[in-house]
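**Q** Structure, please.
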Amino acid sequence: MDVLVTESKFGDADAIAARLRAEGCTVHTCHSDMGICRALAPGAGCPLDGPYPVGLMVDVRSGEEHLTAREFGVVCALRAGLQVVLVPAEPGLPVPVPPGLRQRTTLATADQLVDTCRHALRTEACRTGRQYLRPADTAARGQGRRA
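**A** Predicted coordinates:
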């Protein structure tokens, strides 16, 4: 399952992205390490336009009321018809929903998000007959993202 992740501040999404990868998700980000939108970066491209369809958008929020520049990918994802999940950067941190997004997003904890993605991967594997490998299994076999 391909998941697009954005964050309100640099580093907010690191822990959640690592957990999603550990479950077998392929995690894409909206911005380079330098903070540049991938659609605008030379030689790069938006993950929404990539070869693998993104199935979910996750926005890791630090508590700001409005979207930050690092979260503009949420708008792109909504325009592309993706479900958007807002997750707190730290457990217990309140997640204010930015104006205009109240009816368009879902709130979840990091644990709820990871459990949902785990279930989705199992369901997708059963439906498609593909076996999704965890990153450690993939590296050990020297293969790509799917067997």
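
**Q** what about the protein, any weak spots by pLDDT?
**A** Low-confidence segments of the chain, defined by pLDDT under 70: 124-147.

**Q** residue boundaries of the helices in it?
**A** 14-23, 73-79, 110-128, 135-141 (DSSP state H).

**Q** So which of those is nearest Arg38?
**A** helix 73-79 (8.8 Å; Cβ to Cβ). Heads up, the C-betas are built off the backbone N, CA and C, glycines and all.

**Q** so what's Pro88 up against?
**A** Residues in contact with Pro88 (Cβ atoms under 8 Å, 6 or more residues apart in numbering) are Val60, Arg61, Gly63, Pro94, Val95, Thr109, Ala110.

**Q** cool, Cys30 as well?
**A** Shown in contact with Cys30 (Cβ under 8 Å, 6+ apart): Leu4, Val5, Thr6, Cys37, Arg38, Cys46, Pro47, Arg70, Phe72, Gly73, Cys76.

**Q** Leu48 is in contact with the last one, correct?
**A** Yes. The pair Cys76 and Leu48 passes the contact test of Cβ atoms under 8 Å, sitting 6.0 Å apart.

**Q** one step back: and the contacts of Pro88, which are buried?
**A** Applying 16 or more other Cβ atoms under 10 Å to the contacts of Pro88, the neighbour count classes Val60, Arg61, Val95, Ala110 as buried.
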